[in-house]
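*Asks:* any chance you could fold what I've pasted below:
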Amino acid sequence: MQVVSIKKNPKYQAGGQPKKWLKGVELAAEWNVSPSTISNLARREDFPLPSDVALGARQYNWAEVSRWRAEENKRKQDRRK
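*Replies:* I've put the predicted structure just below:
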């Protein structure tokens with residue numbers, strides 16, 4: 001697999017036909033889910049489908065992440081004792 005920086009080379013064309021972006025109802029039909037599920041994914045209220053890369057970076061609740069990390073670190077320390 002080749003990784004190309006789009007910022008460095010904005011005119012780069014991947015081989016083959018250009019991909020058509022599916023939106024809303026078309027995307028729901030393609031993934032066989034309801035259009036409301038697509039809306040929820042777009043709002044990032046729940047985890048995206050594994051193939052979802054088009055909706056941007058995942059928004060994390062960092063307070064929750066750091067709390068979880070602290071718990072994991074404590075568990076690791078307890079296991080070592």
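*Asks:* report how many residues lie close to residue 33.
*Replies:* 14 (other CB atoms under 10 Å). C-beta coordinates here come from the backbone N, C-alpha and C atoms, glycine included.
*Asks:* where does the chain have low pLDDT?
*Replies:* By pLDDT under 70, the low-scoring segments of the chain are 1-10, 12-22, 41-60.
*Asks:* mind doing that once more with 90?
*Replies:* For the chain, the stretches with pLDDT under 90 are 1-70, 72-73, 76, 79-81.
*Asks:* ok, residue 28 - how many residues close by?
*Replies:* By other CB under 10 Å, 18 other residues sit near residue 28.
*Asks:* which strands or helices does the host helix or strand of residue 73 pack on?
*Replies:* In this structure, residue 73 sits in helix 62-80 according to DSSP states H and E. Applying 3 or more CB pairs under 8 Å, 6 or more residues apart in numbering; DSSP states H and E, one finds that helix 62-80 contacts no other helix or strand.
*Asks:* would you mind writing the CA trace of it as CSV?
*Replies:* Output of helix 62-80 as CSV, limited to C-alpha atoms (Å, rounded to 0.1, in the frame of the first residue of the first chain):
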residue,chain,number,x,y,z
TRP,A,62,-10.5,13.5,27.3
ALA,A,63,-11.6,13.5,30.9
GLU,A,64,-13.1,10.1,30.3
VAL,A,65,-9.9,8.9,28.5
SER,A,66,-7.6,10.1,31.2
ARG,A,67,-9.8,8.5,33.9
TRP,A,68,-9.7,5.2,32.0
ARG,A,69,-5.9,5.4,31.6
ALA,A,70,-5.5,6.0,35.3
GLU,A,71,-7.6,2.9,36.0
GLU,A,72,-5.6,0.8,33.5
ASN,A,73,-2.3,2.0,35.0
LYS,A,74,-3.6,1.1,38.5
ARG,A,75,-4.6,-2.3,37.3
LYS,A,76,-1.2,-2.9,35.8
GLN,A,77,0.5,-1.8,39.1
ASP,A,78,-1.7,-4.1,41.1
ARG,A,79,-0.9,-7.0,38.8
ARG,A,80,2.9,-6.5,39.2
